[in-house]
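# What would the 3D arrangement of this be:
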Amino acid sequence: MKVLLIYALLVIFLLLVSGCSTPSPATTSIREPVIMVNKEFSFVISINQLKIEQPTPKGSEVRGLNVYMTVKNTGKQALYLTCHSTITDYAGVSRHGIGVSPNLLYPGEESKSMRDILIIGSGKQYDALVSQGSKLDVECMGQQSIAKDWMFFDASWNVNPADFK
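Okay, here's the model as predicted:
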């Protein structure tokens, strides 16, 4: 039992030292921005749109889900970021994006709208995604410069069927 407690404390310590940040639980709408803060960074991430493409090629059931997002650096130093999105349907099936990286963001600067692309492999997966609520997670890795360590951030939004365009 002592060994388990020591491992648990070690994991908690490593998470705190690595600068991980977890905001509040999923917000009620993708329209609400999430503020990400830790000892070195502060930025706001917003989901601008979730757009589902028509199946391509014709006759196929494969669709793309485009997650459009912006990031604003609200901190006091420049920030490099890489963000990946994941959407999970009501049945717990997840689809992962390819990721996006804005240019270096200086304090007060906002990125242009970035698009992360997720693949929906079948009509059944599409129906599960848009028929009931889903959860969108965006994981970002940030650093001050190429030579610095990465810090990890995670934000979540509840997605209603009406949020898809």
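
# what kind of secondary structure is D127 in?
Recorded secondary structure, D127: helix (DSSP: H, G, I helix; E, B strand; the rest coil).

# How many neighbouring residues does it have?
The local packing of D127 (other Cβ atoms under 10 Å) involves 12 other residues. Placement of C-beta: from N, CA and C, glycine included.

# just the one 4 residues further on next, same as before
The local packing of S131 (other Cβ under 10 Å) involves 11 other residues.

# Quick check: chain neighbours aside, which residue is closest to it?
Using Cβ to Cβ, 6 or more residues apart in numbering and skipping the chain neighbours, the partner closest in space to S131 is P161 (6.5 Å).

# That neighbour: what's it in contact with?
Applying Cβ atoms under 8 Å, 6 or more residues apart in numbering to P161 gives the contacts V130, S131, Q132, G133.

# Would you check that the third one makes contact with D89?
Yes. With contacts counted by Cβ atoms under 8 Å, Q132 reaches D89, the gap being 7.4 Å.

# which of these two has more neighbours?
Shown here are Q132 and D89; by other Cβ under 10 Å, D89 has more neighbours (21 against 13).
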